[in-house]
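Sequence first, predicted model second:
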Amino acid sequence: MAQYTIKELEHLSGIKAHTIRIWEQRYGILNPRRTETNIRYYDDADLKELLNISLLNESGYKISKIAQMEREQLLQTVRQLCERPCACSHHVNALVSAMVDMDEYKFDRALSTAAVQMGFQATMQEVIYPFLNKIGVLWQTGNITPAHEHFVSNLIRQKLLVAIDGQTARWKESDPAYILYLPENEFHELALLYMHYILRTYNQRVVYMGQHLPFEDLELTYEQFQAKYICTVLTSQPEREEVQAYLNKLSQRFTGCTVYVYGYQVQQDALVFPENVQRLSCMTELIAKFT
């Protein structure tokens, strides 16, 4: 079982540590334990509860009302929010069912059906991303384990690799290059692979460097290809308090290009983006640059 400090809860939930302490004292939300040296810590159950409370609070529920809910009532309310219909809910539900059963054949069939009916890009936007959001909620409510998430992530990754491999490269050596990479210790690759697919769809020249790339290797790649663009996804790395410094470092080192950043870690309101660093809030913003 994982152990979290209150600062780590803040980073994972987006709720300030000061607010968490107030909720604990005023409403009895969360019940931290202490180590033998009297240091407070939280576990996975606390993290799930806080994420559920955050979701309800952001959806308009007052914290005083949330605090009065029994655990099952809270979980049921979160599930109901998750079940709000979307245009492709039947495809999403089929993927969820296959994931829960860990049935690779059923998952592949559901994903392939959506791709045939809608096309691969629309399937990513309208099925895969809502599905990934939904399994995040299912984890919070205790309905799935990390094993389920690993199971489906690898299957989706395989689909993306096949789709990219099936694209015909139509760029020329003189075309500006896009370097795609994840920083050191970052291994969440699905969004970066989808970026790769989008850029190839619009006949852009891509230099794909993948996961866990040391900064000095990024510098060498930039020098070799004289890239005009760099794209990265910051899901868990660098740490939340180090993101601003990392953005500044990218800006100062790669003054001759535009850096596109995407992911959970760059959605903080407090971040200041240098002139040559642009945040992507969603993948449709990248697509819009070519349409």
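Arrived safely.

can you pull out the strands in the stretch 51-200 of the chain?
Shown for the stretch 51-200 of the chain, the strands assigned by DSSP state E, counting those that start in this stretch span residues 177-183.

The longest strand belonging to the chain packs against which elements?
Longest strand in the chain by number of residues (criterion: DSSP state E): strand 205-213. Applying 3 or more C-beta pairs under 8 Å, 6 or more residues apart in numbering; DSSP states H and E, we find strand 205-213 packed against strand 177-183, helix 190-201, helix 215-225. Glycine gets a C-beta too; all of them are placed from N, C-alpha and C.

quick one: strands adjacent to the first one?
Based on DSSP bridges, the strands next to strand 177-183 in the sheet, each with its direction, are strand 205-213 (parallel), strand 229-233 (parallel).

what sits against Ala98?
104, 106-107, 109-110 (C-beta atoms under 8 Å, 6 or more residues apart in numbering).

among those residues, which ones are buried?
Among the contacts of Ala98, the ones that count as buried by 16 or more other C-beta atoms under 10 Å are 107, 110.

What is the nearest of the contacts of Ala98 to Ser59?
The closest of these to Ser59 turns out to be Ala110 (C-beta to C-beta; 28.0 Å).

The closest one and Leu95 touch, don't they?
Yes - here Ala110 reaches Leu95: they are 5.3 Å apart, a contact under C-beta atoms under 8 Å.

Quick check: beta-bridge partners of Thr258?
Tyr229.

Hmm, I typed the wrong one, I wanted Tyr178.
Here Tyr178, judged by DSSP bridges, has bridge partners Val206, Tyr229.

Quickly note the distance from it to Tyr222.
Applying C-beta to C-beta, to the nearest Å, the value for Tyr178 to Tyr222 is 11 Å.

try Ser174
17 Å.

For the chain, just list every one of the helices.
6-13, 17-27, 44-58, 63-67, 71-82, 89-101, 104-118, 120-123, 129-140, 146-165, 190-201, 215-225, 243-253, 283-288 (DSSP state H).

could those helices go into TSV alongside mean pLDDT and distance to Thr232?
Formatted as TSV, the helices of the chain follow (pLDDT from 0 to 100; distance: least, C-beta to C-beta, whole Å):
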stretch	mean pLDDT	distance to Thr232
helix 6-13	74	19
helix 17-27	89	28
helix 44-58	79	25
helix 63-67	88	35
helix 71-82	76	29
helix 89-101	77	27
helix 104-118	87	26
helix 120-123	88	21
helix 129-140	72	19
helix 146-165	89	17
helix 190-201	92	7
helix 215-225	95	9
helix 243-253	95	8
helix 283-288	89	12
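
and these, which is most packed in?
Mean neighbour count (mean count of other C-beta atoms under 10 Å) peaks for helix 190-201 among those, with a mean of 21.

got the CA coordinates for that one in PDB?
These are the backbone C-alpha positions of helix 190-201, laid out as PDB (Å, rounded to 0.1, in the frame of the first residue of the first chain):
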ATOM      1  CA  LEU A 190      -0.200   7.400 -25.100                       C
ATOM      2  CA  ALA A 191      -0.700  11.100 -25.600                       C
ATOM      3  CA  LEU A 192       2.700  11.500 -27.200                       C
ATOM      4  CA  LEU A 193       2.000   8.600 -29.600                       C
ATOM      5  CA  TYR A 194      -1.300  10.300 -30.500                       C
ATOM      6  CA  MET A 195       0.600  13.500 -31.300                       C
ATOM      7  CA  HIS A 196       2.800  11.400 -33.500                       C
ATOM      8  CA  TYR A 197      -0.200  10.100 -35.300                       C
ATOM      9  CA  ILE A 198      -1.800  13.600 -35.800                       C
ATOM     10  CA  LEU A 199       1.400  15.100 -37.200                       C
ATOM     11  CA  ARG A 200       1.900  12.200 -39.600                       C
ATOM     12  CA  THR A 201      -1.700  12.600 -40.700                       C
END
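
What helices and strands are in contact with it?
So helix 190-201, by 3+ C-beta pairs under 8 Å, 6+ apart, packs with helix 120-123, helix 146-165, strand 177-183, strand 205-213, strand 229-233, helix 283-288.

of the ones you listed, which approaches Leu47 most closely?
helix 146-165 (12.4 Å).

Run the angle between the closest one and strand 205-213 for me.
Orientation check (axes from the mean of the first three to the mean of the last three C-alpha atoms, to 10 degrees): helix 146-165 against strand 205-213 gives 160 degrees.

outside of helix 146-165, which residues touch it?
The set of residues external to helix 146-165 that reach it, using C-beta under 8 Å, 6+ apart, is 95, 99-100, 102, 104, 107-108, 111, 115, 120, 128, 131, 135, 138-139, 189-190, 193-194, 196-197, 200.
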